[in-house]
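In: Got a predicted structure plus its sequence, pasted below:
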Amino acid sequence: MSLLFLAHRVPFSPDRGDKIRSFHILQYLAKRARVHLVAFADDATDIDPPAAFTDMLASCTIVPRTKSQKRAAVEALATGRPVSLTAFASPAMQATVDRMMPNVSGVYCFSGQMAQYLPVDAPPVVMDFVDVDSAKFAGFAEESRGPMRWMMRREARLLGAFEREVAGRVSASLFVSNAEAAMFRDGGATGRVLAVENGIDSVKFDPAALLANPAPLPGREGPGVGRFPQARTPVAKASQPTPNPSLSGRGAEAVAEALIVFTGQMDYRPNIDAVTWFARDILPLVRQHTPARFAIVGRAPTSAVHALASDHVTVTGEVDDVRGWLAAADVCVAPLKLARGIQNKVLEAMAMARPVVASTAAAEGIDHAGTIRVAETARDFAGEVIALLEAPETAATLGTAARAQVIRRYGWDARLAPLDALLDLEA
C-alpha cells in the first residue's frame, strides 16, 4: 500500500507537541506501508532532514513556508477565509500534492490546515485534526478585547465551518482525546469521528536512563539563569524508588531550594499565559511557605516570557534534552487555562516519575487515574505544589504511580493500533 502523509510541519525532530504526534504516527505507518511525506518547513533547518528520518520513507518532499502572519491575515480578510488556512496556503504545496495524489492509494492528512489541499475526488482520507482548533479560537475570543476579539470570533466561525465540511467528505476524522471528539460531534460534525490518543515513549522518558549518564543542566549565573538545587526525589522505575541522580553543575549549597518546572513551546499563547499566571500569581504563594525556583523550559520564548525572569524564575530557551530538567524537578506543573487534547508535557513528566500539578484544562483527556494533582484557582494550585514540596515521600510515591499509569495506558503502538483498520494496513 502507498500512502501520502501531509503535514503542516516536518515531523522531525519530535520535540514539540504536534511534531511528537506526527512523528510517531508517521513512524508507525512507515512500518506498514510505503509512505510519501509532503510537509512544510518552518525554517531552513527543516529543509534537509537527516537520513535517520528519511530512510523510513518512500519519498520526502519539504516545501518552505515563508508567508508572514500579517500577510496571511490580509489575505484572509480579502478572501473571506480563516487565517489558519491562508497562513498555510501555497501554490507550491498545491502543485506537489496534485502531482503525488494519482500515485497513492490513501492519504493521512495531519492538521486541519492541510485539508485545503485535498481534492474532492481524493483516495480514502484519514483526517487527523488533532484538536478542535475552532474551539481554541473561540476560547481566545473570550479572553480578548476590541478588534482582536472580533478577529478571534471570526476565525472560530469560519474555521469551524471548514472543519465540519472536511469531516463530511473524509473516511474518518481523528482527535487526540474522547473529549475533543465529543466536542466536535456536539458542534454539528458529521461522518466518522474517532479518538486516537497520543502515547509516550516510556523507554526514552525513563529517569533510570539518566542515572547511568548524569549530565549538567544548562544555564549560567545571574538573575533568571542560575544553577539549581539537586533533585531530591527522582524515581527511576514504576515499581521501585531509586537513588537520586547526581546532576553535575547543581550546587549542594542550594539543595534547600526546590525546583518547579514547566516545559513547552514558549511562543505558543496558551503556554505563555500559563507561565505568566504561575510566575505572577502562584509562585509567590508557594514561596511564602517554602523556598522555590520556577524554570520555564522550552524554545522560542517571547519577550513576555523573558520578562518573567528574575532571581526566582529562570527562562532557559531551547535545551538539548528536556529530560534532564524533568528529572531534576521536585514538582512539574502544567497551569494551562486553555488546553486542547492531551498535553504531552504532562505525559512526559509522568513518564519521568515526577509529581505533577495540572490545571483542570491540562488534565482533561488524560487517563491519569488520580496519579497527578489537579487544581483550578491560584490558591488551590499553590496549595497542591506546597503539599508535594513539603512531603517528598508522598511526592515520590505519586511520581512512581504516574509512571506506572503511563506504561500501562500510553504505549504508542497500542494507542495507534486503530489506524490499521482505518487505513487497511498490514501489521
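Out: Received, thanks.

In: Would you agree residue 261 falls within a strand?
Out: Yes - assessed by DSSP: H, G, I helix; E, B strand; the rest coil, residue 261 belongs to a strand.

In: Now it: closest residue in space, sequence neighbours ignored.
Out: In space, and not counting its chain neighbours, residue 261 is closest to residue 329: 3.8 Å by C-beta to C-beta, 6 or more residues apart in numbering. C-beta coordinates here come from the backbone N, C-alpha and C atoms, glycine included.

In: In contact with that neighbour, which residues?
Out: For residue 329, the contacting residues are 231, 259-261, 295, 349, 354, by C-beta atoms under 8 Å, 6 or more residues apart in numbering.

In: Can you flag the buried ones in these?
Out: Neighbour counting with 16 or more other C-beta atoms under 10 Å marks 231, 259-261, 295, 349, 354 as buried within the contacts of residue 329.

In: between the residues you listed, which is nearest residue 181?
Out: The nearest member of the buried ones among the contacts of residue 329 to residue 181, counting by C-beta to C-beta, is residue 349 at 24.7 Å.

In: Name the nearest residue to the closest one, sequence neighbours excluded.
Out: Nearest residue to residue 349 in three dimensions, chain neighbours excluded: residue 332, at 3.8 Å (C-beta to C-beta, 6+ apart).

In: would the one you found count as being in a strand?
Out: Yes - per three-state DSSP, residue 332 lies within a strand segment.

In: what about the residue lying closest to residue 278 once chain neighbours are set aside, how many residues close to it?
Out: Residue nearest to residue 278 in three dimensions, not counting chain neighbours: residue 335, with 4.7 Å by C-beta to C-beta, 6+ apart. Residue 335 has 26 neighbours, counted by other C-beta atoms under 10 Å.

In: OK, contacts around residue 335?
Out: By C-beta under 8 Å, 6+ apart, residue 335 lies in contact with 262, 274-275, 277-278, 282, 357-359, 362, 381.

In: number of nearby residues for residue 108?
Out: With other C-beta under 10 Å as criterion, residue 108 counts 26.

In: Helix, strand, or coil at it?
Out: strand.

In: hang on, it packs against residue 2?
Out: No - in this structure, residue 108 is not within contact of residue 2 by C-beta atoms under 8 Å, at 11.6 Å.

In: ok, back up a step: quick one: the residue nearest to residue 349 and residue 210, what's the gap?
Out: 15 Å (C-beta to C-beta, to the nearest Å).

In: more neighbours, these two?
Out: residue 332 (28 against 22).

In: That one and residue 410: what is the separation?
Out: Shown here: residue 332 relative to residue 410, a distance of 16 Å by C-beta to C-beta.

In: Any buried residues in stretch 371-389, and which?
Out: Buried, per 16+ other C-beta under 10 Å, within stretch 371-389: 371-375, 378, 381-389.

In: Report the distance from that stretch to the chain centre.
Out: Relative to its chain's centre, stretch 371-389 lies at 22 Å (C-alpha atoms, centre = their mean, to the nearest Å).

In: The helix or strand containing residue 126 packs against which elements?
Out: For residue 126, the host element (DSSP states H and E) is strand 125-130. Judged by 3 or more C-beta pairs under 8 Å, 6 or more residues apart in numbering; DSSP states H and E, strand 125-130 is in contact with helix 17-30, strand 106-110, helix 146-167, strand 172-175.

In: Quick one: closest of these to residue 199.
Out: Closest approach to residue 199 among the helices and strands packed on strand 125-130 (C-beta to C-beta): helix 17-30, 6.5 Å.

In: Checking residue 78 next. Helix, strand or coil?
Out: Applying three-state DSSP: residue 78 is helix.

In: what's the neighbour count on it?
Out: The burial count for residue 78: 9, using other C-beta under 10 Å.

In: Cross-check the contact I'm expecting between residue 120 and residue 169.
Out: Yes - look at residue 120 against residue 169 with C-beta under 8 Å: they come within range, at 7.1 Å.

In: Please say which of those two ends up with more neighbours.
Out: Higher neighbour count among residue 120 and residue 169: residue 169, with 14 against 5, using other C-beta under 10 Å.

In: And the strands in the stretch 1-150 of the chain?
Out: Applying DSSP state E, counting those that start in this stretch to the stretch 1-150 of the chain gives strands spanning 2-7, 34-41, 59-64, 106-110, 125-130.

In: Please identify the deepest-packed of these.
Out: strand 106-110 (a mean of 26; mean count of other C-beta atoms under 10 Å).

In: low pLDDT regions in this structure?
Out: Along the chain, the model assigns pLDDT under 70 to residues 211-255, 426-427.

In: tell me which residues of the helix or strand harbouring residue 316 are tucked away?
Out: In the assignment (DSSP H and E), residue 316 maps to strand 313-317. For strand 313-317, the neighbour count (16+ other C-beta under 10 Å) marks 313-316 as buried.

In: Packing partners of that strand?
Out: Applying 3+ C-beta pairs under 8 Å, 6+ apart, one finds that strand 313-317 contacts strand 292-297.

In: Who are the packing partners of the strand it packs on?
Out: For strand 292-297, the packing partners by 3+ C-beta pairs under 8 Å, 6+ apart come out as strand 258-263, helix 283-287, strand 313-317, helix 322-328.

In: Which among those is found nearest to residue 74?
Out: Comparing those by their distance to residue 74 (C-beta to C-beta), the top pick is strand 313-317, with 31.2 Å.

In: Return the alpha-carbon coordinates of that closest one using PDB.
Out: What follows is strand 313-317, C-alpha atoms only, in PDB (Å, rounded to 0.1, in the frame of the first residue of the first chain):
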ATOM      1  CA  VAL A 313      12.300  32.500  37.700                       C
ATOM      2  CA  THR A 314      14.500  31.100  35.000                       C
ATOM      3  CA  VAL A 315      13.800  31.200  31.300                       C
ATOM      4  CA  THR A 316      16.100  28.600  29.600                       C
ATOM      5  CA  GLY A 317      15.200  29.000  26.000                       C
END
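
In: all numbers from here: first residue = 113
Out: Sure thing, new numbering starts at 113, so read that last one as strand 425-429.

In: the inter-axis angle of it versus strand 370-375?
Out: 40 degrees (axes from the mean of the first three to the mean of the last three C-alpha atoms, to 10 degrees).

In: Next up, the contacts around the residue nearest to residue 525 when sequence neighbours are not counted.
Out: Closest residue to residue 525 apart from its sequence neighbours, by C-beta to C-beta, 6+ apart: residue 140 at 7.1 Å. Applying C-beta under 8 Å, 6+ apart, one finds that residue 140 lies in contact with 524-525, 528, 531.

In: Residue 241 now?
Out: 223-224, 275, 285-287, 292, 296.
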